[in-house]
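Chemist: I'd like to go over a predicted model; first the sequence, then the structure.
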Amino acid sequence: MSYVAGETIKKLRKQKNMTQLELAEALGVSDKAVSKWETGKGLPDISLIEPISKVLNISIIELLSGENITNKNRSSNIMKSKLYVCPICGNTVNSMGDVLISCCGVTLPALDAENIDDKHEVVAEKIDNEVYIKIDHPMKKNHYISFIIYINSSKFEMIKLYPEGNAEARFFIGGGGLIYYYCNRHGLFRRKIDRKGQL
């Protein structure tokens, strides 16, 4: 489980030209407590996370991740969505920016799409204004496609799939976009789809 690292507190404190005593006084703790955090001999209480982030002028997410997150594009681009899947419960999370996602006590990394292989090929068929997506893939309890997603510049739509069902979905296509699908054993796959519903 991810938690604030002492080296992160030390780095941020020094960037603000604060001594351990000054940080301690601002938080209402002893400088010995701050020293223990920074040397890895102790952790700040959970109730101190928000005050620490305020004193060090950093978001809680940045404090916990140890990374400065800079928003270089103030208008979020849904086409650059990031996907996270919990390996324990299968919970799926979508974000349009850098976030710290934790589920079942595990910090989740953003998924990278794998290269398509012959066991994860997808077929698309245009039917009126919809596209029918089908993946010829096992749908067993220990090996299956967990979801299929269609994303374009204004839409994010996910169809959740389950073992013993079919690896297929229908989406209304208003233009080109991306098709994502997730195999619980082999990871995330992605294909571009045009406005005609062709991959």
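Modeler: Happy to help now that I have it.
Chemist: what's the burial count for the nearest residue in space to Gly40 that is not next to it in sequence?
Modeler: Distances taken as C-beta to C-beta, 6 or more residues apart in numbering place Gly6 nearest to Gly40, at 5.0 Å, with adjacent residues excluded. For the C-beta atoms, the positions are set from N, CA and C on the backbone; glycine is no exception. Burial of Gly6 is recorded as 18 neighbouring residues (other C-beta atoms under 10 Å).
Chemist: could you give me the average pLDDT of the longest helix anywhere in the chain?
Modeler: Ranked by residue count, the top helix of the chain under DSSP state H comes out as helix 6-15. Averaging pLDDT along helix 6-15 gives 86.
Chemist: again, but for stretch 141-160
Modeler: Mean pLDDT, computed over stretch 141-160, is 89.
Chemist: And stretch 180-191, by the same measure?
Modeler: The average pLDDT within stretch 180-191 is 89.
Chemist: If you count neighbours, what's buried in it?
Modeler: For stretch 180-191, the neighbour count (16 or more other C-beta atoms under 10 Å) marks 180-184, 188-191 as buried.
Chemist: which of the residues in the longest helix of the chain are buried?
Modeler: Neighbour counts using 16+ other C-beta under 10 Å place 6, 8-10, 12-13 of helix 6-15 among the buried residues.
Chemist: any idea which of the buried residues of stretch 180-191 is closest to Arg170?
Modeler: Closest approach to Arg170 among the buried residues of stretch 180-191 (C-beta to C-beta): Tyr181, at 13.8 Å.
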